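Enquirer: just coords:
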Ligand code: HEM
């Protein structure tokens with residue numbers, strides 16, 4: 001297009017087997033953001049920057065040009081060559097159904113009846129109590145890898161997800177501010193008078209700051225509804241390790257031997273320290289570790305930091321092997337080839353080990369998310385939009401918050417648990433990983449301890465004590481999720497379930513086709529009208545589709561997202577060699593990777609693991625020596641020379657066959 005306007009009105013290609021009555025013709029497409037001409041349809045100049053980082057301005061910056069390369073960019077630009085800005089940071093989520101804002105443009109959702117919606121905290125207290133049921137089959141590792149996948153795919157703009165937000169919507173002692181004094185973007189969570197926790201401290205108000213939107217950044221006209229922005233790239237590409245832009249990437253790299261930067265303490269490699277530890281962590285002394293990684297949320301909880309450390313070490317392990325195999329490769333080639341392998345391992349673990357548990361193997365095969373093959377899968381389509389779906393990130397995927405356990409087991413090599421740590425004591429305090437044998441003991445704990453059942457029950461550690469620091473009580477993740485649902489103006493549960501092929505409910509009773517009578521009664525007591533039920537609430541009460549950990553509505557959303565994330569990624573690892581992929585033998589070597597082997601290879605002294613590390617130890621999944629678990633044969637990356645040179649690297653290599 002001579003104007004340089006990319007065609008972003010992508011038509012979703014529905015795979016023929018994508019059945020179940022989903023009507024994808026109604027999918028809302030993203031408007032043309034980030035066009036080279038600047039602010040699409042803008043009537044006003046963009047607002048002044050509120051943060052120092054210039055990339056946080058605007059709604060996506062298209063690259064000047066797209067280099068020909070076999071490696072993906074850090075920000076995801078040029079993945080889609082028709083629309084190079086697609087999937088880059090600072091662009092809006094897309095929606096499956098139009099937003100339902102209170103005023104039609106940007107204010108939080110309201111009841112269609114004019115009566116108030118039940119306060120989020122009240123819904124959380126009534127429907128999501130702490131009933132500690134353990135998952136009979138899956139480990140805490142399954143939950144934790146889910147958070148890794150999430151952080152790789154999206155992060156709402158304007159949230160730190162860590163330190164108290166700079167914007168304060170309540171007084172320091174938890175009271176509501178005078179209306180006139182409430183800062184912009186505030187949408188505080190109101191605490192009921194009889195709150196079992198917060199009434200004890202006379203807290204009436206919990207901080208909640210609205211997500212930054214295309215309207216806040218003046219990227220749309222005054223007449224267009226707001227779309228929330230996500231600040232990380234949308235692809236499943238280990239951006240949590242490598243960073244979401246060139247700048248962060250430079251900071252995580254060693255620039256020697258293709259390695260990532262590490263700090264060595266007690267003979268072990270740790271993530272480098274954050275430059276400003278007090279801003280990134282809740283440390284209690286200046287020496288306390290607080291890390292820097294590709295994702296700003298790295299320090300949020302110890303098990304997350306643990307997996308981030310494992311993934312960083314895996315990159316360096318691969319880089320060290322590649323430098324020995326190919327002494328003629330420079331830092332850049334080793335780095336990019338190691339990165340490509342690590343991303344492939346991560347995509348493989350996410351899709352072939354993790355997804356079958358959460359969205360079901362049959363469902364994934366049927367919908368062309370997984371393939372039963374030893375061959376290439378060249379299913380990329382530039383018409384599939386890889387953008388993260390708002391209903392996915394703000395409702396469906398958050399459902400797995402239910403699996404979070406409040407205590408983390410410390411487990412010896414003999415698989416006996418000798419203690420545990422309390423989650424809310426160690427949020428934003430990753431130093432615990434470096435004490436004694438905690439790194440290995442928590443790793444074994446992840447793979448031994450069950451996750452909590454994926455159901456309507458949530459651990460008090462995240463509904464009463466989240467980020468409490470040294471206060472008696474903290475935030476409520478379920479109330480936040482409900483509040484966020486309204487902040488983003490997500491379509492109602494009723495409309496979404498209809499979109500996903502279930503009948504539209506006319507009365508609360510109609511919900512009993514997938515929700516228990518008891519829960520429907522509670523919904524009827526809380527909400528003025530069946531059309532008012534929040535997606536995040538209704539979806540989380542549905543009975544699960546057999547073989548999956550989600551009800552039909554969430555399953556439909558998750559399935560659609562994971563289809564797009566795969567088929568909309570031009571650098572997906574299963575593509576053939578001439579489509580940026582590996583040789584077939586390399587690909588089949590990658591397919592041998594497992595979460596268990598990853599933990600074995602990158603822990604300190606972990607000698608044994610069960611083969612399927614997301615599944616609890618059992619007769620059919622017994623602990624075996626690490627060496628007996630299949631591994632990726634990196635000798636297949638020996639470059640025999642004679643590849644075609646291109647820029648700093650090679651367009652093709654002459655890999656050992
Ligand atoms: C200990 C574990 C976890 C903690 C403490 C945690 C906490 C949080 C917090 C504080 C937020 C931001 C909420 C907001 O302000 O709107 C969030 C967002 C989110 N969480 Fe979790 N979470 C955990 C695990 C998980 C898991 C296991 C999943 C899914 C498998 C998940 C999925 C999500 C998603 C999709 C978002 C929204 C991401 C976005 O910004 O687009 N989380 N979580």
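Expert: Structure received. Only a predicted model underlies this, so the values are computations on that prediction, with no experimental measurement involved.

Enquirer: Please report the distance of the residue positioned nearest the centre of the chain from residue 306.
Expert: Of all residues in the chain, the one closest to the mean position by CA atoms, centre = their mean is residue 150, 0.9 Å from it. Distance, residue 150 to residue 306, by CB to CB, to the nearest Å: 16 Å. Bear in mind the C-beta positions are built from the backbone N, C-alpha and C, glycine included.

Enquirer: Kindly report the same for residue 419.
Expert: As judged by CB to CB, residue 419 and residue 306 stand 17 Å apart.

Enquirer: Kindly report the same for residue 96.
Expert: Relative to residue 306, residue 96 is positioned 34 Å away (CB to CB).

Enquirer: Next, find the distance separating residue 183 from residue 203.
Expert: Separation of residue 183 from residue 203 (CB to CB) stands at 19 Å.

Enquirer: Tell me which residues touch the residue of the stretch 201-350 of the chain found nearest the ligand, please.
Expert: Nearest residue of the stretch 201-350 of the chain to the ligand: residue 301, at 4.3 Å (CB to the nearest ligand atom). By CB atoms under 8 Å, 6 or more residues apart in numbering, the contact set of residue 301 is 423, 426-427.

Enquirer: doesn't residue 637 make contact with residue 654?
Expert: No. Here residue 654 lies out of contact with residue 637, judged by CB atoms under 8 Å, at a distance of 11.3 Å.

Enquirer: The stretch 251-400 of the chain: helices as residue ranges?
Expert: For the stretch 251-400 of the chain, the helices defined by DSSP state H, counting those that start in this stretch occupy 277-280, 302-325, 331-348, 355-359, 361-366, 390-391.

Enquirer: Which residue is the nearest non-sequential neighbour of residue 210?
Expert: Excluding its sequence neighbours, the residue lying closest to residue 210 (CB to CB, 6 or more residues apart in numbering) is residue 185, at 4.5 Å.

Enquirer: Residue 569 contacts residue 79, correct?
Expert: Yes. Counting by CB under 8 Å, residue 569 does reach residue 79; the two are 6.5 Å apart.

Enquirer: Ignoring the adjacent residues along the chain, who's closest to residue 411?
Expert: In space, residue 411 is closest to residue 444, 3.9 Å off (CB to CB, 6+ apart).

Enquirer: residues near that neighbour, how many?
Expert: Using other CB atoms under 10 Å, residue 444 has 26 neighbouring residues.

Enquirer: and it, what is it in contact with?
Expert: Contacts for residue 444 (CB under 8 Å, 6+ apart) come out as 411-413, 415, 606.

Enquirer: same check, this time on residue 507
Expert: Taking CB under 8 Å, 6+ apart, one finds residue 530 in contact with residue 507.

Enquirer: Could you check the pLDDT of it?
Expert: On pLDDT, residue 507 comes in at 98.

Enquirer: what's the answer for residue 69, then?
Expert: We have a pLDDT of 89 for residue 69.

Enquirer: among the contacts of residue 444, who's most crowded?
Expert: For those, the largest neighbour count, defined by other CB under 10 Å, is 22 neighbours, found at residue 411.

Enquirer: what about the stretch 501-650 of the chain, any weak spots by pLDDT?
Expert: For the stretch 501-650 of the chain, residues meeting the criterion pLDDT under 70 lie at 644-650.

Enquirer: Tell me where it has helices.
Expert: Listed in chain order, the helices of the stretch 501-650 of the chain (DSSP H, counting those that start in this stretch) span residues 517-526, 535-541, 552-567, 584-590, 595-602.

Enquirer: Nearest to residue 211 among those helices would be which one?
Expert: Smallest distance to residue 211 across the helices of the stretch 501-650 of the chain (CB to CB): 14.4 Å, for helix 535-541.
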